[in-house]
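J.: show me how the following folds:
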Amino acid sequence: MNYALRTPAHVEEGKQYPAIFLMHGLGSNEQDLLPLLDELEDVYVFSIRGPLSQPPGFAFFTIQGFGNPHRPVFEETVEKITDFIDYACSHYPVDPGCLYTMGFSQGAILAMTLGLSLNGRIKGAAALSGYIPSFVQEAYPEKLAYPLSLFISHGETDPIFPLSWGEANTKFFEKREADVVFHIDPSGHAVSQAVQKNLIQWFQAINDGGEN
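T.: Numbers count the residues shown, from 1 in each chain. Prediction:
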C-alpha cells in the first residue's frame, strides 16, 4: 500500500518503538492527518493511503447506503491493512506490543474494526468521527478476550455522522469491557484542537509517554 512514514527523530539500534497506523477520511490522502501527531516523537507513524480513487483524493471502501459499507470491499481493505501491518512489523523496529490504529471518518471506522479483528495485537484505537458497521458489531457479541483501549471523539453538530453514532461506539466497547475515553466536541465533522490535545494525552497515558 502507498503510505507516508514518519520516524522517530533518533532511532537507536536495538530499540523498538511504538507504531501508529493512521487512516484518512473519504476523498483525502495520507498527508492529511499527520500534523495531528506532531507532538509525538519516539513513535513510528505509518499514514496509509486508501486504495480506491475518490477525487480529489482516495477512499478505503465504497458504501451502499448511509452507514453501510459494501462488505466485500470493506473486508478486502481490512485484509490489505492487516497485511501492511505485518509488513511494517517485519521491516521496521516497531514494538509488536505497542501497535495503535487511528483514523478520521472512514479511517475511524477501520481503526475500530482493526482493533477488534486483530485479536489483541492492537493496544489502542483512536476513532475520530466514525461508526462501527453492523456486520462488524455482529461478529463481536461478547466480552473481548484481550485488553483494548479506545479514544473516541465525535462532533456535537456533526452533519455527516450524528453524535448518537459516537455514543453508540462508546457503549459498544464499554459493554465488551474495553477501556474507553469518549470526547464530545462542539465541532462538526472535523478534528478540533481540543480533540487533538485530548488525543495526544490519551496516547501518552496508555503508552507511558512513549517509553519502552
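J.: and the longest strand seen in the chain, what other elements does it pack with?
T.: When the chain is parsed with DSSP state E, its longest strand is strand 94-104. Judged by 3 or more C-beta pairs under 8 Å, 6 or more residues apart in numbering; DSSP states H and E, the packing partners of strand 94-104 are strand 17-23, helix 71-91, helix 106-117, strand 122-128. (Each C-beta comes from the backbone N, C-alpha and C, glycine too.)
J.: quick one: closest of those to Pro162.
T.: With C-beta to C-beta as the measure, helix 106-117 is the member of the helices and strands packed on strand 94-104 nearest Pro162 (14.1 Å).
J.: now do that closest one: which elements does it pack against?
T.: strand 17-23, helix 71-91, strand 94-104, strand 122-128, helix 134-138.
J.: got the CA positions of it in CSV?
T.: Taking Å, rounded to 0.1, in the frame of the first residue of the first chain, the C-alpha atoms of helix 106-117 are listed here in CSV:
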residue,chain,number,x,y,z
GLN,A,106,-13.7,6.2,7.1
GLY,A,107,-10.3,5.8,8.8
ALA,A,108,-12.1,5.9,12.2
ILE,A,109,-14.3,3.0,11.1
LEU,A,110,-11.3,1.0,10.1
ALA,A,111,-9.4,1.9,13.2
MET,A,112,-12.1,0.4,15.5
THR,A,113,-12.6,-2.6,13.2
LEU,A,114,-8.9,-3.4,13.2
GLY,A,115,-8.8,-3.1,17.0
LEU,A,116,-11.4,-5.9,17.0
SER,A,117,-10.2,-8.1,14.1
